[in-house]
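*Asks:* From the sequence below, what's the structure:
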Amino acid sequence: MASDTKKLTMQLDAVLHGAQAMQLRYLPTRLKTVPLVSLLTTGVGLIAGFCVLYMVVTSITAWYRLRHFPGPSSAGFSYIWLALMSISGKSYKTQMELNRKYGHLARVGPNELITDDPDLIKLMGSARSSWARSNWYNSGRVHPADDTILNVVDTATHDKLRHSLIPGYSGRDNALEHDVDGQLVNLIRAIRRKYISTATECRPLDFVKLSQYFTVDTMTQISFGQPFGCLDADDDRNELLETVERIVVWGEITANVPWMQTLLSYGLIFYTLAYPLARDVGAFNKLAERIVAERWNTKSKSQRHKDMLASFMNHGFSQRMCELQVPVQLTAGTETTATAIRSTLLHLLTSPRAYAKLQNEIDQAIANGGLSTPISFREAKDLPYVSAVVYEGLRIHPPFSGQLMKEVPPEGITYTDGRFIPGGTYIGHNTWSAMRDKSIFGDDADMFRPERFIEASPEARANMRSTVDLVFGYGRWQCMGRPISMMELHKVFVELLRNFDIQIMYPHSPIKTFNVNLFLQSDMWVRVTERTPGSSGPEVPSKGVEEQVSA
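*Replies:* Numbers count the residues shown, from 1 in each chain. As a prediction, the model looks like this:
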């Protein structure tokens, strides 16, 4: 047995030596004396060199392709600039400065431009446009194997899904205004229960949290037929808001760095390397499964419900499809509206004349017997200054700063100044800069002044309003939650200012903000007192606060 093993070993050695001899026979004579380790080292070096050469060539090629569009010097060669911007917490400011410096089209990446041209943004989303969503939208993925309206890239699939979802978001299939009114009542009750200050006692209110609780309860009431109960508990029920904050920090980085977008397409990596985020997305998905399962197990009762989930079920959605919609409703439908509410109120509190004018319009409408309790959406839209405040609030502080990158059609386009944009280029929205376009909004576009929407001619007003609507996207890509958000915004300021006087407590530091597509905010401390129509309103804040807020 031992001799057989020895014989086999000798045969294997002979084969290996023979193979090596055959390989070396075809090498130059000088290399036949080079040790095998050296050859391997040389091979690795050649491969590394080739990779470096490939990266250099592709970087130069990418730069050359869009060389006629200015931007930060490093942005044309790598995604480091975009990544650093994403983690700065000030993306909206950086992007606004870019287009002001470089014009309507600025370069932000090897294959990425950003625009603040309202006409170009509208072109991207027009009904017959051949523009498509880019891989930027992969950052909205909540499951590696399934698409939602937030991340689906294929246009036909998106349009079909949107068509099925619209009835639930528009109010056609549900008691939309009734649900909003119920949570408005809860909002006023929550303030009265715990946060009314008097001459002898101050009860500070962090309006950031309260605005979030209101929008979460409103959206969950509309979506699932009952609120989470954040307003009643004065707490983040289900840790929803905390989870959203952790997710969106990753969201901007993955949106702006293509190789991280690719990671999100692979399930194993999605749930391991890319996350602590996996834990948060997983918690979202489990919450969605529980909510849908409760309704699905009593499916026959869906006919009696008038909420979004019932609408989806009645339009043929499977249980899995319904589960996928829940995270969309809990993120896109809550945080952006809460940001719009608190930022608009903050600008009102730091603009005493606008605050007084709005309160006077509300008081006059009450005196004329023209307001319901809560105010109806129709009544609110008929109050000129209320609508002006809503549009001006959205304009001066758009609640979402994400680039929403679209892909140029394969044939490319020629921009209005004659420059050609090659097919496959990604172009993002710079909504913050577009909202301060002086050719549309006037020389004081950096200032919060609702009167611009009243003083303008009908044509100019229509143009301003259509431009402000870009904060919701445009055309086929427009946010489906726009009707809900606009209803909440028109109603909430009337109910707050008809019931209370509100004063900012720390005018030199009115709010803390960290921007990652959404605005993660905290510490907007206010003092709230009861009022009756015609009372004097809050004290005038210190000079200079408006500049801090707008910045």
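
*Asks:* List the buried residues for stretch 453-468?
*Replies:* For stretch 453-468, a neighbour-count test (16 or more other CB atoms under 10 Å) marks F453, A456, R461, N463, M464, T467, V468 as buried. Using the backbone N, CA and C atoms, a C-beta is placed for each residue, glycine as well.

*Asks:* residues contacting the fourth one?
*Replies:* N463 makes contacts with I440, as judged by CB atoms under 8 Å, 6 or more residues apart in numbering.

*Asks:* Which strand or helix spans it?
*Replies:* helix 458-468 (DSSP states H and E).

*Asks:* My read is that T350 contacts P510, right?
*Replies:* Yes: assessed by CB atoms under 8 Å, T350 is found in contact with P510 at 6.9 Å.

*Asks:* Pick the one among the buried residues of stretch 453-468 closest to D179.
*Replies:* Comparing those against D179 with CB to CB places V468 closest, at 25.3 Å.

*Asks:* sorry, back to before: now the helix holding N463: average pLDDT?
*Replies:* The average pLDDT for helix 458-468 rounds to 98.

*Asks:* Could you do stretch 472-487 as well?
*Replies:* 94.

*Asks:* Let me see the confidence value for L287.
*Replies:* You'll see L287 listed with a pLDDT of 80.

*Asks:* Low-confidence ranges, the chain, go.
*Replies:* 1-40, 43-45, 48, 50-59, 62, 144, 173, 261-284, 299-304, 533-551 (pLDDT under 70).

*Asks:* repeat that with 80
*Replies:* 1-64, 139-145, 171-175, 246-247, 249-251, 259-286, 297-305, 332-333, 532-551 (pLDDT under 80).

*Asks:* returning to what we had before: which of the buried residues of stretch 453-468 lies closest to N151?
*Replies:* V468 (25.8 Å).

*Asks:* residue contacts, the closest one?
*Replies:* V468 makes contact with Y391, L394, R395, M435, according to CB under 8 Å, 6+ apart.

*Asks:* With adjacent residues omitted, what lies nearest to P410?
*Replies:* G423 (4.0 Å; CB to CB, 6 or more residues apart in numbering).

*Asks:* Kindly report the same for L324.
*Replies:* Going by CB to CB, 6+ apart, L324 has T148 as its nearest residue, at 5.0 Å.

*Asks:* isn't that neighbour right up against V326?
*Replies:* No: between T148 and V326 there is no contact under CB under 8 Å: 9.6 Å.

*Asks:* does G428 count as helix, strand or coil?
*Replies:* strand (DSSP: H, G, I helix; E, B strand; the rest coil).

*Asks:* Which strand residues bridge it?
*Replies:* Note on G428: beta-bridge partners by DSSP bridges are I114.

*Asks:* Distance of it relative to S351?
*Replies:* 31 Å (CB to CB, to the nearest Å).

*Asks:* Show me where the stretch 1-150 of the chain has its helices.
*Replies:* For the stretch 1-150 of the chain, helices defined by DSSP state H, counting those that start in this stretch occupy the ranges 2-25, 36-65, 80-86, 91-102, 118-125.

*Asks:* do the same with the stretch 251-400 of the chain
*Replies:* Using DSSP H, counting those that start in this stretch, helices in the stretch 251-400 of the chain cover 258-263, 267-270, 277-296, 308-314, 319-331, 335-349, 352-367, 377-381, 384-396.

*Asks:* and the helix holding N463 with helix 384-396, angle?
*Replies:* 50 degrees (axes from the mean of the first three to the mean of the last three CA atoms, to 10 degrees).

*Asks:* Following element in sequence after helix 458-468, please.
*Replies:* Using DSSP H and E, the helix or strand that follows helix 458-468 towards the C-terminus is helix 482-499.

*Asks:* got the angle for that following helix vs helix 319-331?
*Replies:* Using the same axes, to 10 degrees: helix 482-499 against helix 319-331 is 40 degrees.

*Asks:* Quick one: list the elements packing against helix 482-499.
*Replies:* Counting contacts by 3 or more CB pairs under 8 Å, 6 or more residues apart in numbering; DSSP states H and E, helix 482-499 is packed against helix 155-170, helix 176-194, helix 207-224, helix 335-349, helix 352-367, helix 377-381, helix 384-396.
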